[in-house]
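# predicted coordinates and the sequence they were generated for:
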4 protein chains.
Amino acid sequence: MPHDAAAYSAPELDVSQWFNTGDTPTLAALRGQVVLLHAFQMLCPACVRLATPQAQQAHEQFGRQGLAVLGLHTVFEHHEAMQPVSLVAYIHENHLSFPIGVDRPDGQHGLPLTMRAYGMQGTPTLLLIDRQGRLRQHVFGHVPDLALGAAIGSLLAEALPST
Amino acid sequence: MPHDAAAYSAPELDVSQWFNTGDTPTLAALRGQVVLLHAFQMLCPACVRLATPQAQQAHEQFGRQGLAVLGLHTVFEHHEAMQPVSLVAYIHENHLSFPIGVDRPDGQHGLPLTMRAYGMQGTPTLLLIDRQGRLRQHVFGHVPDLALGAAIGSLLAEALPST
Amino acid sequence: MPHDAAAYSAPELDVSQWFNTGDTPTLAALRGQVVLLHAFQMLCPACVRLATPQAQQAHEQFGRQGLAVLGLHTVFEHHEAMQPVSLVAYIHENHLSFPIGVDRPDGQHGLPLTMRAYGMQGTPTLLLIDRQGRLRQHVFGHVPDLALGAAIGSLLAEALPST
Amino acid sequence: MPHDAAAYSAPELDVSQWFNTGDTPTLAALRGQVVLLHAFQMLCPACVRLATPQAQQAHEQFGRQGLAVLGLHTVFEHHEAMQPVSLVAYIHENHLSFPIGVDRPDGQHGLPLTMRAYGMQGTPTLLLIDRQGRLRQHVFGHVPDLALGAAIGSLLAEALPST
């Protein structure tokens, strides 16, 4: 299936530390699966109340059907307040079981590197990447369950690229 | 695409009266679309609070993408209380805009005929019928939005049968 | 305690039929208790979803502490659709256990008589009447639980009038 | 009004740092007002989702009617994760405007001192203290709005102690 891969290809993640996994997940290695990337900050209320539980739910429902859910802690404000030691407690208290990475800081308390590469506007941000590694959805703010479910169902139904 | 149509084919609807449409919808005529059938009673609290608004939302979001949402008023108890004159008011008050049919009464205050043909256990019941007219989901009780969305997205992604 | 009783006294209820009680409740007979009057229509979505469950909850929590919860079915539209036979089914399906009266119809499909006497604007309407029979709150639309709880707690704390 | 003050008197707060106030609030100084004490941890999901927004709502609705809402950050686990620098960000992100104190640490990563004095079992914990400084409610876990409203309304209705 021809398409302009360069134009839509999702940039690789740049992560300084992973939790909830012994691996170092990459989009390249997840090619063939649909990827839901949940970018959040642990002190963002809309993340805690809506987007993070939704990501966990998607992981539980579709994690064995070809969907890889990844969290990305994109700290772009209150940097001292959201260090990895706090993220560990957040993951524990919210019973999160999908892999969660720390978006690599720029070292100057600005936007972390993956957030910058994707041009994210804030948190929560939802990215959906198809089996071929193309970015298919990029939404800032909460996505209602019915719409997210439909997008997941549709992407999971797409055939793997023939080689 | 070969399959045993007889085994999975959704029985045709048996409706005594339609609202919100000038037509008389049939599953046969909707072949090629995905059909979401929302079976309800207007005095069933879980219908009013959850399933009926969800059906309306599915109609609004996916109605122009190949999903046909149909309501079916399956009165199997309190027959005097839920006559068509009350259903008209219910449709009006709940701002429902998808076609809604009255499941044909058996004339003896028992199960109406479509409900009986499908072996429905109560209300709300959700049926999903694929583009080829096959019954793919039959759920008694509320279906969470994320799961329903995924099922709709998946069925909409299926190709039309080649002729 | 002197006050202008005439100005604030709650008009007596005019009810054609009661359900969930063997009595015929009157505000006069309930003097000494706080009365929460929940005026509703069974086909009003905000009643079904919010106000009617809230009234039931208030009945369960404060019914033995001096609060008398009464429902009033104030049919002012879709009269044929909301006859007493349907109200009986509504009460049953929603598991309502407080006394519910049918506001007496005006016989011309206009506003029923109690609704008219109180100048209610629609449904749901909440009335709170104090131990002395004075109307203390009259709200059209949903009242949040925190505010309603505070109003109930405050009125229950008022002393009975000395005689 | 005679009563056994010793038996019910609420222990004074032991706070190492206050936010959202230029004062150092004490229960002694708040005598004459009803006090709602919301004990929480910023990484406790039930606090973030339910109890903290409820405390803010109570502050907004009843703060000028004699209710003093105080927050108490009772860190008894994940101490490194919930330092004051993170609490400041939490207060900012959740738009909290009532005074919030840090329960004084015991210096050994155990229960902080006010939490210990009250025998709190975890977070969220709600305390209600009457105008005379007596502890009237102590609840571990979420308190529904209707019940909390009634308790507040009732305590606000109590007369000030005569001197």
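It's in. Numbers count the residues shown, from 1 in each chain, chains lettered A, B, ... in the order given.

# so who does residue A:117 touch?
Residue A:117 makes contact with A:11, A:14 under the criterion Cβ atoms under 8 Å, 6 or more residues apart in numbering or on different chains. Every residue, glycine included, has its C-beta placed from N, CA and C.

# in the helix or strand it falls within, what's buried?
Using DSSP states H and E, residue A:117 sits within helix A:113-118. Going by neighbour count (16 or more other Cβ atoms under 10 Å in any protein chain shown), the buried part of helix A:113-118 is A:113-116, A:118.

# could you do stretch A:103-116 as well?
For stretch A:103-116, by 16+ other Cβ under 10 Å, it's A:103-104, A:111-116.

# may I have that stretch as CSV, with CA atoms only?
What follows is stretch A:103-116, C-alpha atoms only, in CSV (Å, rounded to 0.1, in the frame of the first residue of the first chain):
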residue,chain,number,x,y,z
ASP,A,103,10.0,12.2,28.3
ARG,A,104,13.6,13.3,28.2
PRO,A,105,14.1,16.7,29.8
ASP,A,106,15.7,19.4,27.7
GLY,A,107,17.9,20.3,30.7
GLN,A,108,16.6,23.8,30.9
HIS,A,109,13.1,23.3,32.3
GLY,A,110,11.5,23.8,28.9
LEU,A,111,9.5,21.3,26.9
PRO,A,112,10.9,17.7,27.0
LEU,A,113,12.2,16.3,23.8
THR,A,114,9.5,13.9,22.6
MET,A,115,6.8,16.5,23.4
ARG,A,116,8.7,19.0,21.3
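
# what does that stretch rub up against?
With contacts defined as Cβ under 8 Å, 6+ apart, stretch A:103-116 is touched by A:11, A:13-16, A:39, A:72-76, A:79.

# export the buried residues of stretch A:103-116 to TSV and tack on distance to residue B:132 and pLDDT?
Listed next are the buried residues of stretch A:103-116 as TSV, based on distance: Cβ to Cβ, whole Å; pLDDT from 0 to 100:
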residue	distance to residue B:132	pLDDT
A:103	45	98
A:104	49	97
A:111	49	96
A:112	48	98
A:113	48	98
A:114	43	98
A:115	44	98
A:116	47	97
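
# can you tell me how far residue A:95 is from chain C?
Distance, residue A:95 to chain C, using Cβ to the nearest Cβ, to the nearest Å: 28 Å.

# nearest spatial neighbour of the residue in chain A positioned nearest to chain B, skipping sequence neighbours?
Relative to chain B, the nearest point of chain A is residue A:149 (2.2 Å; Cβ to the nearest Cβ). Nearest residue to residue A:149, sequence neighbours excluded (Cβ to Cβ, 6 or more residues apart in numbering or on different chains): residue B:149, at 2.2 Å.

# hang on, the earlier thing: reformat the buried residues of helix A:113-118 as TSV; add distance to residue B:133.
Converted to TSV, the buried residues of helix A:113-118 look like this (distance: Cβ to Cβ, whole Å):
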residue	distance to residue B:133
A:113	51
A:114	46
A:115	47
A:116	50
A:118	42
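
# show me which of those residues is closest to chain D.
For the buried residues of helix A:113-118, the nearest to chain D is residue A:115 (17.4 Å; Cβ to the nearest Cβ).

# measure that closest one to residue C:15 for me?
63 Å (Cβ to Cβ, to the nearest Å).

# now swap in residue A:45 and tell me
With Cβ to Cβ as the criterion, residue A:45 and residue C:15 are 47 Å apart.

# between the two, point out the one with more neighbours.
residue C:15 (21 against 16; other Cβ atoms under 10 Å in any protein chain shown).

# hmm, the more buried one is touching residue C:21, no?
No: under the criterion of Cβ atoms under 8 Å, residue C:15 makes no contact with residue C:21, lying 10.7 Å away.

# what mean pLDDT does the helix or strand harbouring residue A:18 get?
In this structure, residue A:18 is located in strand A:15-19 according to DSSP H and E. The average pLDDT within strand A:15-19 is 98.

# who does the helix or strand that it is followed by pair up with?
Remark: after strand A:15-19, the chain's next helix or strand is strand A:34-40, criterion DSSP H and E. Sheet pairing here is set by DSSP bridges, and for strand A:34-40 it gives strand A:67-73 (parallel), strand A:125-129 (antiparallel).

# can I get those in a markdown table with mean neighbour count and mean pLDDT?
Output for these, formatted as a markdown table (neighbours: other Cβ atoms under 10 Å in any protein chain shown; pLDDT from 0 to 100):
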| stretch | mean neighbour count | mean pLDDT |
| --- | --- | --- |
| strand A:67-73 | 24 | 98 |
| strand A:125-129 | 22 | 98 |
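
# look up the closest residue to the residue nearest the centre of chain A, ignoring the ones flanking it.
Compute the mean C-alpha point of chain A, and by Cα atoms, centre = their mean the closest residue is residue A:37, 1.7 Å away. Nearest residue to residue A:37, sequence neighbours excluded (Cβ to Cβ, 6+ apart): residue A:127, at 4.0 Å.

# for chain A, which residues score under the pLDDT cut-off?
A:1-7, A:161-163 (pLDDT under 70).

# so which bits of it are right by chain D?
Neighbours of chain D within chain A, by Cβ under 8 Å from any Cβ of the partner chain: A:42-45, A:48-49, A:77-78, A:80-82, A:85-86, A:88-90, A:92-94.
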